[in-house]
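J.: got a sequence here, can you build the structure:
(chains A and B)
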Amino acid sequence: MLKLLANLLRVLNSESNPGQISLAFCLAMVAGLTPFWSLHNLLVLLLVLLIRVNLSAFLVVLMFFSGVAYLLDPLFHRIGLAVLTADSLEGLWTNFYHSTLWRIERFNNTIVMGSLSFSLVVFIPLYLLLNLGIIRYRAHVLAWVERTRLMQILKASRFYSLYQSVSGWGVGL
Amino acid sequence: MKDEQAVQGGKEAPERQDQPRKQGEGKDKNKGWIRWWGLGVFVLLTAALAASWFLFLDLFVKRLIEQTGTRIVGAKVELTSADVSLFPLGLTLARLQVTNPDEPMTNVVEIGRIACTVDGLNLLRRKVIIEEMALEGLKLGTPRQTSGAVARQPEKGTLTKPANTISLPSFEVPDVKTIMASADLESVKLVESLRADVQSEQESWKKRLADLPDKAKLNEYKSRLERLKSSAKGGVAGILGATGEVAAIQKDLERDLANLQSAKTDFETRLASLKQRMDQAVKAPQEDVRRLREKYSLSPQGLANMSGMLLKGQGGERVRKALVWYGKIQPFLARAKEQRKGHEAVKPVRGKGLDVRFAEQAPLPDFLIRLAKVSAQLEAGDVTGRIENITPDQDVLGKPLTFVFSGEKLSGLSSVRLDGSLNHVAPASAKDTVQLRLRGYQVQGVVLSESADWPVTMEKALADLDLQASVSGQALAGTMTAGLKSARLTVGKQESSNQLAKAVGSALSAVSTFTVKADVTGTLDQYEVHLTSDLDRVLKEAAGKLVQDYADRITKELEAAVMAKVGGPLSELKGSFSGLGGVGDELAARLAQGAGSPKGSPEKLLPGGFKLPF
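T.: Alright, predicted model coming up:
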């Protein structure tokens, strides 16, 4: 757990473009919240590898969202059922139902549809928020955190040694 | 890769510690958003994934079949190998063994080879459509080398196995003293209660008679009238005074007579009620005897359904087994479906969420085997069969599952035909039917009763059997008729000293031809098997006289014993009851005396029959 947190801090404090980190977060959210062995996750994998997103951030956040997904399954089921049984969308889903590609995607499963719909709706707002958050964190919080008494204590702990071993920064946060 | 590490702030960028952060960010931005080597990694990863999937597919399918089968059957389902071919897409399974859950060292069914081709395009659409499947080398009841038992919770709704022992009528003579010691005689209670009521009634009428006008009082009316006659004076005033007195006497007399009449009517009503109870009390001892005789199964009718008891164990066990397996195949006949806002939602067997269905141009079930050709190698010989339309979505396909198996000139069996249909096209009115026809079936060593007192075995017989059964919803109905020829029944414990047991055993041993009819009615959870046979007639003829003699003797003994207990109180009751007759006589006598008093208009009762002028 400490190592995961250290990894995350390393990524946040690195010189990576905030957009690359945010995109990694958002793609990891899609892959993590939706059933892993789904067709759309092949596309997510392609995007993660092709676009210069932060792989460490992707893997860390993927693990996090995979765990969270189990707790959110009842919610996804309800969202999926509402979306799939919406009268206005019936024509669209019926067309999809006749398409082999969409059947492989298993779009008609309430949890697949619910989790995918949720992830896609949250995707852009989350991307923008994370971008803003990372920039502000680097500009303000990083320096302030370093000065706090808590950080001084942390610097003396095992966590800090671990952090140092992965970050290579002598000056800390 | 080196670029990537630098971008992520790896250890090989020590200059970052001394340089302003913005320099690093500028360098990062220059790299652009696309890393083309990622495409290569993606291709490699996808290829590796596909290769490993193909490599392990056979193993995966084998595990899937074994695990799913084991879960459904409740005992090990094993497969020697599974082979998935891609061109054409097909599946071949070798040696499928399904353990009998009740006998873990025996396979309920073993199939040497199962081969089928799968519709590839529909498989991509998550529909398993098999046009034709061949099941070869099907065997029943094969022995296993290792136990196929699995630890499991008792299944909900599993029908409990009845003990294969039967309760034949006891031929032991019960001791009358023992019967009487624990008998609760209704007649004694009835007689005691009635005797108390009769006595109470006697007391009550004794008091009431004392209150009613007696003979002396009625005589007094007569005397008063006589006195009035003799002392009558002349003159209008005297005549008017005498007339008034006569009228007063008449009024009193009539009131007393009305009281007496009312009492008599009341008495007669009560007497009728007591008489009815009295009649019951007189019959009560006989009723007690009849009840005790029935309680201790001493009637000759006890033999009437002995064949039912003999054969019920075997018949009931076969029905139970059939229903247990019927329950196991239910999930394959109709899946749990529910309507959500007009759309059909199908719950996957294992998985999360619901699969919502939409209208299809050519609807197909999610799983379908259009035709399964079965070649079974039974001990008796080869039996072939066809099963059509195996699917859990019959409502989508619009056709029921049908099956037919037949075999001719088998060992120990001239011919067999099993056919039927499992119709769940309209789930609300599902109906499953099965017909079985066996001809020339050689029955051997069938234990009909494992009872220690009455072991009965059918050593051999030649049977023709017809069976029809149907299940509509939860209602179960079935009829089986079997004609048995050249039968040999053996009954153990022939050395029994009991004459009755000997007679029944001897009669059974002599039987060579008989028929059995079984009716099954009820529900899947609670059903009744009713067996009848002309064996009963044979048994009744053989042992009925013995049972009747015995019943007559025990009836006499019981009558004597009951009367010994009830006789005394009953005699006393009769005495008390006859005493009540005196009350009726007394009331009648008083009424007769009252009726004999002079009557008529007061003027007529006066001397000379004087008439008033007005």
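
J.: element containing the nearest residue to B:Asp464 once chain neighbours are set aside, please.
T.: Counting by Cβ to Cβ, 6 or more residues apart in numbering or on different chains, B:Asp464 lies nearest to B:Gly483, which is 4.9 Å off, once chain neighbours are set aside. All C-beta spots, glycine's among them, are computed from the backbone N, C-alpha and C. Under the criterion of DSSP states H and E, B:Gly483 resides in strand B:475-491.

J.: what is that strand packed up against?
T.: helix B:306-333, strand B:431-449, strand B:456-472, helix B:499-510, strand B:514-523 (3 or more Cβ pairs under 8 Å, 6 or more residues apart in numbering or on different chains; DSSP states H and E).

J.: quick one: the nearest residue to B:Arg590 once chain neighbours are set aside and B:Gln593, what's the gap?
T.: Leaving aside its sequence neighbours, B:Arg590 sits nearest to B:Leu260 (Cβ to Cβ, 6+ apart; 5.4 Å). Noted for B:Leu260: a distance of 9 Å to B:Gln593, by Cβ to Cβ, to the nearest Å.

J.: so for the two, which sits in the more crowded spot?
T.: Ranked by neighbour count (other Cβ atoms under 10 Å in any protein chain shown), B:Leu260 and B:Gln593 place B:Leu260 first, with 24 against 19.

J.: all strands for the stretch 501-614 of chain B, in order.
T.: For the stretch 501-614 of chain B, the strands defined by DSSP state E, counting those that start in this stretch cover B:514-523, B:527-533.

J.: ugh, wrong one, chain A
T.: Taking DSSP state E, chain A contains no strands at all.

J.: how about the helices in it?
T.: Using DSSP state H, the helices of chain A run over A:2-13, A:18-33, A:39-50, A:55-84, A:90-97, A:100-105, A:110-136, A:142-147, A:149-155, A:158-167.

J.: in a strand, B:Glu136, correct?
T.: Yes: assessed with DSSP: H, G, I helix; E, B strand; the rest coil, B:Glu136 lies in a strand.

J.: now B:Lys409: how far from B:Asp419?
T.: Going from B:Lys409 to B:Asp419 by Cβ to Cβ gives 19 Å.

J.: got it, and B:Gly445?
T.: 29 Å.

J.: ok, the two, which is more surrounded?
T.: A count of neighbours by other Cβ under 10 Å puts B:Asp419 above the other of B:Gly445 and B:Asp419, at 16 against 9.

J.: what sits against the more buried one?
T.: B:402-405, B:434-435 (Cβ atoms under 8 Å, 6 or more residues apart in numbering or on different chains).

J.: hmm, try it at 7 Å
T.: Counting by Cβ atoms under 7 Å, 6 or more residues apart in numbering or on different chains, B:Asp419 makes contact with B:403-404, B:435.

J.: most neighbours among the residues you listed, which one?
T.: Neighbour counts for the contacts of B:Asp419 (other Cβ under 10 Å) peak at B:Phe403, which has 18 neighbours.

J.: per-residue pLDDT, the residue nearest to that residue when sequence neighbours are not counted?
T.: Leaving aside its sequence neighbours, B:Phe403 sits nearest to B:Ile387 (Cβ to Cβ, 6+ apart; 4.5 Å). Looking at B:Ile387, its pLDDT stands at 94.

J.: same check on B:Ala501?
T.: Note on B:Ala501: pLDDT of 68.

J.: A:Leu2 too?
T.: For A:Leu2, the pLDDT comes out at 60.

J.: same thing with the one 3 residues further on?
T.: Looking at A:Leu5, its pLDDT is 65.

J.: who are the packing partners of the helix or strand hosting B:Glu287?
T.: Assigned by DSSP H and E, B:Glu287 falls within helix B:236-295. Helix B:236-295 sits against helix B:186-211, helix B:215-230, helix B:535-595, helix B:602-605, with contacts defined as 3 or more Cβ pairs under 7 Å, 6 or more residues apart in numbering or on different chains; DSSP states H and E.

J.: before we move on, the earlier item: what about the helices and strands packed on strand B:475-491, which gets the closest to B:Arg95?
T.: helix B:306-333 (21.0 Å; Cβ to Cβ).

J.: contacting residues for B:Arg35?
T.: Each residue near B:Arg35 by Cβ under 7 Å, 6+ apart is listed here: A:50, A:52.

J.: tell me how far it lies from A:Ser16.
T.: In this view, B:Arg35 and A:Ser16 are 13 Å apart by Cβ to Cβ.

J.: if I pick the residue nearest to B:Arg590, what's in contact with it?
T.: Neighbours of B:Leu260 in contact, by Cβ under 7 Å, 6+ apart: B:212-213, B:587, B:590-591, B:594.

J.: what about stretch B:81-96, near chain A?
T.: No: if you take Cβ under 7 Å from any Cβ of the partner chain as the test, stretch B:81-96 misses chain A, and the best it gets is 14.3 Å.

J.: for that stretch, buried residues please.
T.: B:82, B:91-93, B:96 (16 or more other Cβ atoms under 10 Å in any protein chain shown).

J.: please apply the same query to stretch A:57-72.
T.: So, applying 16+ other Cβ under 10 Å, buried residues of stretch A:57-72: A:57-58, A:60-62, A:64-65, A:69, A:72.

J.: same thing with stretch A:93-111?
T.: By 16+ other Cβ under 10 Å, the buried positions in stretch A:93-111 come out as A:93, A:96-97, A:102-103, A:105-111.

J.: so what touches that stretch?
T.: A:35, A:38-40, A:73, A:76-77, A:80-81, A:84, A:112-113, B:121, B:124-126, B:352-356, B:358-361.

J.: which parts of chain B belong to which domain?
T.: Listed by automatic domain parsing, the domain ranges of chain B are B:71-152+B:365-425, B:181-296+B:559-598, B:300-334+B:430-533.

J.: which of these has the lowest average pLDDT?
T.: Among those, domain B:300-334+B:430-533 carries the lowest mean pLDDT (a mean of 78).

J.: can you give the distance of that one from its chain's centre?
T.: 18 Å (Cα atoms, centre = their mean, to the nearest Å).

J.: cool, and stretch B:98-117?
T.: Chain-centre distance of stretch B:98-117: 33 Å, with Cα atoms, centre = their mean.
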